[in-house]
Each structure stands twice: as C-alpha cells, then as structure tokens.
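**Student:** sequence? don't have it. structure:
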C-alpha cells in the first residue's frame, strides 16, 4: 500500500503531504524513483528532506532540511490556494463512492456524534486546490461507505460536473490506494472503480470490503510486487521511525 | 521647523516616517529627547536606528539597524492598518483649511493636470490609521490653499465629524508644522489655526502665506528657540547626509 | 509593554474566567506550561481557540477549563484522537463543550484578519463541504470585480493570545525561529498577549528564519525554560514523541487522567 | 522552471509588445538592467506595474515602451519628481500614458491577492480620498458578518514579474534579504517571472531575514552582477545616491534624456 502510493508520485512533483502513511510514501518515493520530489507540509516547510520519518507534520527535522520555512497562513494562501501543488495526499476515516472524504464525525448527528474525529485540518482546501489528490485508506466496509456521514473534503460531490459547478480548481481524487488494491474514478461516471489489486488479492475481497456495489474495471490489473530496492528503503525508513 | 517637528515626538512613540524632513525630524528626536522613539518606514523596517540620514525610505542603513524587517504588505496590513502606530509624519504639496492633503495633481483636471505630482504612496492609509498625524510643509499660499485640488489623504474632510462618518480610526492631523510656525485644528471647528509662531516671526507673515483667512489663536505662543544640543545634533545629521 | 513577569503573575493578570484565549503553536513552540498554569489557577468557562488543539488542550478540556472550542484539527499528531476532547463532545464530561469548527486555511485567515484590523478574510475554501451548514462563521462573499463567489470568515481577536518562543531580550523583544506557525498573527490579533520563552538574553543576535515581535507589540514575557514540553523549541529541545504516544493511554480513562492531572499539573508549583 | 538564461534571452522569451509587466523593488533590489534590456529590445505598448516607479520606469516611459502605468508613487525617492513620467502625463511625450493610480496599501494588497489566487483583496483604505472617483479598480465591499463597509481592490496578475535578488543556486532557487518589499508577491502573482541575481552560487547558505523563492516558482534566472544599479543589493553594493540626484538634471530635458538613453542604454550590449 505504501509502495503503491510512493510509485504514484512522479519525480519533480510538488506534493502536499499529510502525516502518517502519506508521509512515509512520499519519503519512500524520494529515496527511490523520485529524488526531486518536493515535499510540502502544512506546517510551512517547503522542500523538506527529512532523513528520518517525522511523527508530526511539525517535527524539527522538517524545518531543518527544508528549502524554505514559511508561516502557516502563507503556506495555505500563497502556495496551496493558487493551485501550485501537483499532488495532495490525504487519509480518510470514511470515503464514499464519489471519493468524498469524512474526517469529522461518525454518526447521523453532527452535534451528538457516535465518534468525534479530529476534523478538517488542511484537507478541504488540499482536496479543492491541489491539481490531483491521492487518498490512502485501509479497505473495510466501515471506511468505504455508500455515503459519508459528513463531507469534510470534496471528491466528486454527487457525480460528474460537481467539481466544476462548485468552482474547485483541482482534478480531485485520481487514485485511492488501499491495502487490497487501487481505485480510480470512472472517467464517465466519476464513481470509484477497482482498477488494480495487489499481488495475490482476490478482487472479491475488495468488493466485499466496500460498502457499496464496487465496480471492477474490465481490464483489472495487478500492481507490481515491491522491488528489493523499495522494500529496503521502506524498512530503513520505518526502522528509523 | 525640523526642530519643532522633532519636539512634537514623545519618547517611546511608534512613528511612521516618510522620507525627507519627517525622517530628519524623527532622527533628531531620537538623538535628543526621545531615545526610545520607534522609527517605522514603509519599506518594512521596524525600529530602524540609522546612524546617517537615509536618502530614501529603503536605504540599507535602515534594514541594517532595524529590530525587524518585514515585507511591504505586512507593514501596511499588520502594523499600520490596525492602528498600532502612534504618529504618522506626512509632507504635502497642498494642504487645506481642514488639513486635507494633496500629493497627486495640481490643476482642475485629474486627467490633464497642470503639475503631475508623485501620488499617494503610503499617505492615505497613514492619514487614516495612525493615532495622530503631523504634517510638515513650507508656508506659502501655493501650499496652503482654501481647498486642495485633489484629496490624496484625508484630514478633517469638510469639517467636524467627517472622520467618524468615514470610519477613519485615527485622530487626524494634530499639528501642521511650517517654517513660520505651528497650526493646530480648532477643537470645535476642526479648522487649522495658527497656535505658535517661530521666534521672530510676525503672525501676519503666516496669515499672508496662507490661501484662506487663517485664524490666529488668541493665546498665540512662540516656539522655544532650538537649544544648542538640538542644533548640534541637527548639524551632525545633515552633514552626514 | 513586553513586561517581563513570572508565569503565574502573567496568567493571573491576563486570563479571567469566561475569556477567549488562544494558546497557539503548530506542533512547535506550544505554550504547554502556560496551559498548565491556567489549569492550576482554576480558570473556567474559557473559549479556547487553536488551529491544532493537541495534548495541552486535551488537558485543559479534561480539567474543566473550557466552555467552547474554536478549532480546525483536534488530535494527537501522529498518534490519534484526543480522548478528553472526545469525552467532552460525546458525553459532556467534565462539562459540555460547544464547538466552532473550521479548516486550517480558514482559521489561519481568521488570525490574519484579526492581526490586520479587518473584520473578515476571504479565501477559496469550504465549498461543497458540510462545514458551512454547521458553522455560522462561514459565509459566501462575492467579488465586486468578477462576480465570483468566494468564502468569508470573520476575524479572530482573542482576549488573550499565548505562544512560546525561543528567546527575548531584557526589553521584552521576542525572537523565534523554525516552524513559526501563526505565532505572529495570534499575538497581533489578540487584545493582550503572553509569550513564554526559553531564556531572556542580553542581545538577540540575528538568525536565519527568525521572526521578531517587538516589545511594544507584546503584553507580557515570562521566562519558562522547557515551557513547550512535550512540544519543542528548535535549538533548545527535541519533540518528546514518547510523551505524545504515552498520552493516548493516560487520557483514555477519566480516573487515570484525573490522577495524572493531580500529580503532574495541579500539585506542581512553577518556579516564580 | 528556474531556468538559468542570459538576460537578453530571458527578456526576449518573456516580454512581448502589449504585455503587462511588473519590475518591482522597494528602493532595494530594483531590476534596472532588465528594464534597460526591455528598452534595447524596443518593446512597445507595455502596461507597466509598480508601487514605486522610479528612475528605470522614467527611462522606460521616456523611451516609449509604455502605454499605461499602474502605480502608487511615481517619484525619484529623496530627490523629487520624475520628469519623463510628468512629460508623458502632462504633454503626451513620447506617447500618451494612461494611468491607474492606487495607494501603497492598495497595490501591496493587489499583489497579495494575485499571489494568493484570489480575485480581490480587502483593506481599510482610500475612504474619503478622491482616488476612487478616478480609479475604477477601487470599490466598496461589505463585511458579511458586521455590515461594515471596507474597500476592495482587484488582484494584480502581471504577464511577467521581474525582480532582482542577491543569489541563486544552480538549480535556480533564489535567495534575497534586506528590504524584501513585494518581491515574493510579484513573482508568485505573475504568470511568468524573471529574477536577475548578483551571482549564481553552488549553495545558498541560510541568512537572517532571507526570503527563498523555490526554483519551481520562478520561470527564468539570469546572472546580472550590478543589475540593480543605481539601486543596490544588500551585501553586494550600496545605493548610488549620486546617480539618483544626477538623474534630475538629465531627465528634465528631452534632448539630454535622449542622448543619455542612446549612450547608456541603447548602444550598450550586455554580456551574454
């Protein structure tokens, strides 16, 4: 899952990185096929090159190794908002058929939630303004729901054309990477569709772990096995953590 | 005139300084009675302590000696606009009965001016947002006009109450210092009134150099002679220039 | 202004019951010791404001200081949820917690507007999300030139803004560097402010990336070495990631939390 | 991005007749050499944008490059008026010059909006002055929360933004320090950009007060030592105050100006 996410990042891209798996994946990419990947954290560090994985988005190693450290209002206003960032990396507690993300509350009542989650953070504007969004989330029916309980960050809204109607400048979620495979929006319906499984995964497992009738691409692919260089770099990163 | 302007600055005040005489006066004050005067230039230098007089508001000596150098948008938005500056120091090509200032065009037609002046610069917002404004201008009927050809910076508009009506947060011009004396707004009418002459100046000269029937305060004062310390400091400043 | 005081004195002077207080810090330079002092002084009914409420806000909420939270991301960074915050929102313990919820971009711009003396800020944000339906302080605004509809959020002007910084000089000028977050904005946006610092020095030598807050823009400065722990002060300390991870277990349980609070906060007296 | 090129190449590539071009610099780091190259390349009908048009804009206007000027203060700082600018406005020589006039606060915020991808900015400004009556790009805007009326100005997004800086590395990352003005904003607000630098170095060591423009946010970088003269580059040169004072006499007279332009600009070929 981390390797698949890392591979999705092309060299030289400017990548807005959240903490956790997105950060691991982005750092893995920087150590393997994408040495010129520009890592941008919402704490204001532009071009961070951490030697060890940060636990938080504001660890000292990010500021120490960055090309520039700017104030938080500037990172959102000058760098994210105008669409200068190629890829935004997001996690999710829930994600729905159209790639909308919930990180706010589980339950039917915002004011009386079943589970109160951390909230929006930078995600709504990352989802709106990055040229592309990649989502990393573990595959389970609890996470992959027909309709999110709360739209924290917009994917494709309720279907094709919604992003344009809302004036969102980025393309939206182009890849959803899970521990079972990869989902991509159908170019016609914008519905998330299983396009790849990881080696050895039965597509039925992904379908079963999805809370809506998951479409499976006719040309379903299999993601390549992680190579030895990728695995070695990943182990090194995770050991340092 | 420069000495009188310097004296008007109380120690510890935060002073937004334009170039030319305001800068000389502010630096003179800092070397005499007001060592803790905070000089702020619109180039972004906060707490500049120049050893020599700068020719421009962006000379290196200002950045070298400042407590902080901030970007130009910040100096206007974070420091001037919220009313953090005690005193704004302005010059003028024309000033009228109500302390309105023109530094834009001389003549009746903006689009076809008799004399095109440099324009507004920081002055409109300095005049609006500093707690008080001090104007320094040479006394002549060309400069002291009944009504300015163009309102670049608002004094008291067309009379009492106008500043409040316009939502301007600062008090407006509290002193107009000329080579002949000092004018202050009448507390009741807001009309500029001669309150002091410099030593040896006949008040009639000031009245004659003013383009409207200049009111003279019944208790007209005489500004104290420059002291030897002031003159020495002034000569030192001007020699270095 | 920029008066050098002890932490208890400054907190007593500045923070009153019912006040709106922002203790800011984007992972770095979080004024944790000041938060503990507010708990010790038993303040109540505070409106707490912060982009990233983390452990110290979890502690203040669990200690019953807060009536309302204005925020954009309430979590234990890199670890998970804030259990005291959850308990307050989901079960009203120890007191119900009203929330006013934004995104980071919105909160950052609210501080910018506050620091700028403007009543509101404009951004591209929130559109299409469910936040505007639940947060009254998000409204549309139309560009008078293009007709485009954007989003407005009102300025934040807390009664008290509190941050931690590396150093101050004896005149009360403050210097901080590394990840500077919204430190400048929250100090300038707040009516009164407190900066806790690692040390007070004779002179602030210039540093790459340093932000200066002139003495006259700060109300109080208090020397509190280690005052950001378990957060860190670049050049002085490292982030105590173990503490953040350990907090998860301590905070899950009301009794464990209460015992921790008594031992580690309430019964401690800071150096004067 | 951040491609290192010669000054003539970069100007040829970026600046076309009729373009909107901002050469910025608040007294410090003014890209004068780039302005001279634009004159040499004979560009016409430019809309020139700058907060503080000074000598180099006086030269460009006198040379007939400009159709329109968007500005807030057009003068020779510390000396007086700009005679070529005056001659163009008052007598249409060598061509009529349309003007769009703002205040510094307005212009600075217009660049901020441009850099932020917003169509407009909000400020407290212009109220009670005669500027809104003559400048269409100043409009009232109402706060959706308080009802207060403030002022809106539209974003500036020049076709080309040009500034001078101290240094760049070989990858095209730019570093500048001292009075940084609106350098970052104009580069980010412009569709394409050129930064002339004193030198290209192997590594940019951190500096107090330094602003970094990442290579990927800049279109071209050109090494032009002394490219800010008679303005200055802190750490490299001093402001040539004598030149500013001498300009007053040269520029008063059309013939003297024309002779100066021929000798000092048109007939010079910059090092490739």
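**Tutor:** Here it is on my side, so go on. The structure displayed is predicted, hence computed values, not measured ones.
**Student:** And for stretch A:202-216, what's in contact with it?
**Tutor:** Contacts to stretch A:202-216, defined as Cβ atoms under 8 Å, 6 or more residues apart in numbering or on different chains, come from residues A:96-97, A:139-142, A:144-146, A:178, A:180-181, A:183, A:186, A:191-194, A:197, A:220. Heads up, the C-betas are built off the backbone N, CA and C, glycines and all.
**Student:** Residue C:260 - how many residues pack around it?
**Tutor:** 17 (other Cβ atoms under 10 Å in any protein chain shown).
**Student:** does it really touch residue C:249, like I thought?
**Tutor:** No: applying Cβ atoms under 8 Å as the test, residue C:260 and residue C:249 come out as separate, 10.1 Å apart.
**Student:** who's sitting farthest from the centroid in chain A?
**Tutor:** Distance from the centre of chain A peaks at residue A:112, with 28.1 Å (Cα atoms, centre = their mean).
**Student:** Residue 101 bridge partners, please.
**Tutor:** You didn't say which chain, so I picked chain A. Beta bridges link residue A:101 to residue A:95, residue A:153 when assigned by DSSP bridges.
**Student:** my bad, the chain I had in mind was chain C
**Tutor:** Bridge pairing for residue C:101 - DSSP bridges - gives residue C:71.
**Student:** isn't it right up against residue C:134?
**Tutor:** Yes: taking contacts as Cβ under 8 Å, residue C:101 lies within contact range of residue C:134: 6.8 Å.
**Student:** So which of those two has more stuff around it?
**Tutor:** residue C:101 (23 against 16).
**Student:** before we move on, back to that, return the members of the contacts of stretch A:202-216 classed as buried.
**Tutor:** Among those, those buried by neighbour count (16 or more other Cβ atoms under 10 Å in any protein chain shown) are A:96-97, A:139, A:144-145, A:178, A:180-181, A:183, A:191-194, A:197.
**Student:** what's the helix or strand for the residue nearest in space to the middle of chain A?
**Tutor:** Nearest residue to the geometric centre of chain A (Cα atoms, centre = their mean): residue A:135, 2.6 Å. Residue A:135 belongs to strand A:132-136 when elements are defined using DSSP states H and E.
**Student:** Pull the number of nearby residues for residue C:237.
**Tutor:** With other Cβ under 10 Å as criterion, residue C:237 counts 16.
**Student:** Might you report the residue contacts of it?
**Tutor:** C:198, C:226, C:228, C:229.
**Student:** what's the answer for residue A:192, then?
**Tutor:** A:95, A:97, A:98, A:99, A:173, A:176, A:183, A:184, A:185, A:186, A:214, A:215.
**Student:** what's across from it in the sheet?
**Tutor:** residue A:185.
**Student:** contacts for stretch C:95-104?
**Tutor:** A:42, A:72, A:76, A:104, A:119-125, C:51-52, C:61, C:64, C:66-73, C:85, C:88-89, C:110, C:125-126, C:129, C:131, C:134-138, C:153.
**Student:** Show me these that map onto strands.
**Tutor:** Residues of those located in strands (DSSP state E): C:66, C:67, C:68, C:69, C:70, C:71, C:153.
**Student:** Which single one of the residues you listed is nearest to residue A:201?
**Tutor:** residue C:71 (38.7 Å; Cβ to Cβ).
**Student:** Now do the same contact list for that closest one.
**Tutor:** With Cβ under 8 Å, 6+ apart, residue C:71 has these contacts: A:119, C:48, C:49, C:50, C:51, C:52, C:53, C:99, C:100, C:101, C:102, C:107.
**Student:** Name the nearest residue to the third one, ignoring sequence neighbours.
**Tutor:** Put plainly, it is residue C:49. residue C:22 (4.0 Å; Cβ to Cβ, 6 or more residues apart in numbering or on different chains).
**Student:** Tell me how many other residues crowd that neighbour.
**Tutor:** 29.
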